[in-house]
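Asks: Predicted model and sequence follow; I will ask about them next.
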Amino acid sequence: MIRHIGYACVNTQLQAKKVKMSTARKSTIDAGGEEVITDLILSNLDSLYKILEWNHKKKIKFFRMGSELFPWLGTYDIRKFKRFDEIEYNAGFVGEYAREKRMRLTFHPGPFNVLCSPNEEVVEKTIKELDAHSEIFDLMGFAPSFDNKINIHVGGAYDDKEATLKRWVQNWRRLKDSTRQRVVVENDDKSSMFAVTDLMQLHKMCNKELPITFDFFHHKFHTGGMTEKEALDAAVSTWPKGVVPATHYSESRREEKVKIITDIFRNNRIPWEDLEKWPTFKEAYDFYSHIKYQAHSDYVDGPIDSHGHTIDVMIEAKMKEQAVFGLRDADTVRKLRAETPLLNG
DNA sequence: CCAGGTCAAGGGAGT
DNA sequence: ACTCCCTTGACCTGG
């Protein structure tokens, strides 16, 4: 069964009302220093609280926080800031709210975090940034647990998976203990990279202290010879007792858009305004059929097969929280799709 | 207020 | 060589 269904980082409806994470460019940070960062953090914590309140009202208990919550994470020591106490108090307040409502909060640091990089500078930056993500959970009052996962990919293959994984493990050991108790790895969507079967090897190399997040969509592009059930079984087995395994689910943007455009022309329905750009079906089809297949759709149809396990599912779709509602009922997704411009991104 | 140019970061794939 | 993709397009400036 699926316990929680969640969404990632952005709430499209609240975003329209300016409730969102804000960051700043390097030049602004350099000019403004810790004052600018402090203001951004406090404002972002306020937005996060509003998003969580919204989630609670809508009975959504699973949410991925954006790393911009603390802009330029890993480049400064928050504890040295003048207004650290204020930050700590507010972070603790939001964390307490999440615990009270029994919400699961996670992070997914960017693809620039590469523990296995041959470049020591990249590794050092990665370690700093991962430790900093972990410290945010500390500030929020969460004890180290894979419940609050910090999800990353292996990050590179360098045409030598064996050596790369060895390097990954060495550098993983350099993380703070509390960080290692939160970091999990996700399977990749490229055949040159790491499928669940590769990650199982990594899991063993890490003394079985590294859980695997199963990404349903990525698995389709890189099965590593496993069926979906086999891969999910394996990934689920890597999570400790007492922590519900987390998974990611998304669908193809190209398939979604091509299906919509085909339906419009087939049914001769009145097109969206922006469809006037495409006078013929062929032109429209050509355009949409060139969208990268691996890109994420606006909404998802499911069904999601938990293959008998109890799992949490993070929906990775462009329309975010609306995609969660869409998944709850097919009529809703039809209505939402009809209201979404074809050319949104 | 808006449009457009620009913006931290690593690695891989498609063109 | 350039663009897109991934965690999240958003910041910032000039008109």
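Replies: Happy to help now that I have it. This one's a predicted model, so the numbers in the text were calculated from it and none came from an experiment.
Asks: all strands of chain A, in order?
Replies: With DSSP state E, the ranges of strands along chain A come out as A:2-8, A:62-65, A:104-107, A:150-152, A:183-186, A:212-215, A:246-249, A:311-315.
Asks: need those strands in a markdown table with mean pLDDT, can you?
Replies: Listed next are those as a markdown table, based on pLDDT from 0 to 100:
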| stretch | mean pLDDT |
| --- | --- |
| strand A:2-8 | 95 |
| strand A:62-65 | 96 |
| strand A:104-107 | 97 |
| strand A:150-152 | 97 |
| strand A:183-186 | 98 |
| strand A:212-215 | 97 |
| strand A:246-249 | 96 |
| strand A:311-315 | 96 |
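Asks: which of those strands is buried the deepest?
Replies: Mean neighbour count (mean count of other Cβ atoms under 10 Å) peaks for strand A:212-215 among the strands of chain A, with a mean of 26. Where you see a C-beta, it was placed from the backbone N, CA and C, and this is true even at glycine.
Asks: Listing partners with orientation, what would you give for it?
Replies: With DSSP bridges as the test, strand A:212-215 is paired with strand A:183-186 (parallel), strand A:246-249 (parallel).
Asks: roughly how far out does the first one sit from the chain middle?
Replies: Put plainly, it is strand A:183-186. Counting by Cα atoms, centre = their mean, to the nearest Å, strand A:183-186 is centred 11 Å from the centre of its parent chain.
Asks: cool, and the last one?
Replies: Its chain's C-alpha centre and that of strand A:246-249 lie 9 Å apart, by Cα atoms, centre = their mean.
Asks: Test my guess that A:Q294 contacts A:K220.
Replies: No: at 9.3 Å, A:Q294 and A:K220 do not qualify as touching, with contact defined as Cβ atoms under 8 Å.
Asks: Let me see the contact set for the closest residue to A:F62 other than its chain neighbours.
Replies: Nearest residue to A:F62, sequence neighbours excluded (Cβ to Cβ, 6 or more residues apart in numbering): A:G6, at 2.6 Å. By Cβ atoms under 8 Å, 6 or more residues apart in numbering, the contact list for A:G6 reads A:I60, A:K61, A:F62, A:F63, A:R64, A:R104, A:D312, A:V313, A:M314, A:I315, A:V324.
Asks: Beta-bridge partners for the third one, please?
Replies: With DSSP bridges applied, A:F62 shows beta-bridge pairing to A:R104.
Asks: got a list of what it touches?
Replies: The neighbours of A:F62, taking Cβ under 8 Å, 6+ apart as the test, are A:H4, A:I5, A:G6, A:Y7, A:M103, A:R104, A:T106, A:D312, A:V313, A:M314.
Asks: Output those residues in JSON lines, with distance to DNA strand B appended to each entry.
Replies: JSON lines is the format used below for these (distance: Cβ to the nearest atom of the strand, whole Å):
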{"residue": "A:H4", "distance to DNA strand B": "27"}
{"residue": "A:I5", "distance to DNA strand B": "26"}
{"residue": "A:G6", "distance to DNA strand B": "22"}
{"residue": "A:Y7", "distance to DNA strand B": "19"}
{"residue": "A:M103", "distance to DNA strand B": "24"}
{"residue": "A:R104", "distance to DNA strand B": "23"}
{"residue": "A:T106", "distance to DNA strand B": "17"}
{"residue": "A:D312", "distance to DNA strand B": "25"}
{"residue": "A:V313", "distance to DNA strand B": "23"}
{"residue": "A:M314", "distance to DNA strand B": "19"}
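Asks: about what we covered before: could you name every residue contacting both of A:Q294 and A:K220?
Replies: With contacts taken as Cβ under 8 Å, 6+ apart, the residues that reach both A:Q294 and A:K220 are A:D189.
Asks: ok, back up a step: what bridges to the residue nearest to A:F62?
Replies: On the basis of DSSP bridges, A:G6 is bridged to A:M314.
Asks: can you list the residues of chain A near DNA strand C?
Replies: Counting by Cβ under 7 Å from any atom of the strand, the residues of chain A close to DNA strand C are A:8-10, A:15, A:20, A:22-25, A:27-28, A:64, A:66-68, A:108-111, A:153, A:186, A:215, A:248, A:291-292, A:294-296, A:316, A:318, A:345.
Asks: Turn the buried ones among these into a named PyMOL selection, would you?
Replies: Burial among the residues of chain A next to DNA strand C is assessed by 16 or more other Cβ atoms under 10 Å; the matching PyMOL selection reads:
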select buried, chain A and resi 8+9+10+20+23+24+64+66+67+68+108+109+153+186+215+248+291+296+316+318
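Asks: For chain A, which helix or strand comes out least confident on mean pLDDT?
Replies: Lowest by mean pLDDT, DSSP states H and E among the helices and strands of chain A is helix A:281-288, with a mean of 74.
Asks: Mind giving me the packing neighbours of that helix?
Replies: helix A:253-266 (3 or more Cβ pairs under 8 Å, 6 or more residues apart in numbering; DSSP states H and E).
Asks: Okay, buried residues for the helix it packs on please.
Replies: Per 16+ other Cβ under 10 Å, helix A:253-266 contains these buried residues: A:R253, A:R254, A:E256, A:K257, A:V258, A:I260, A:I261, A:I264, A:F265.
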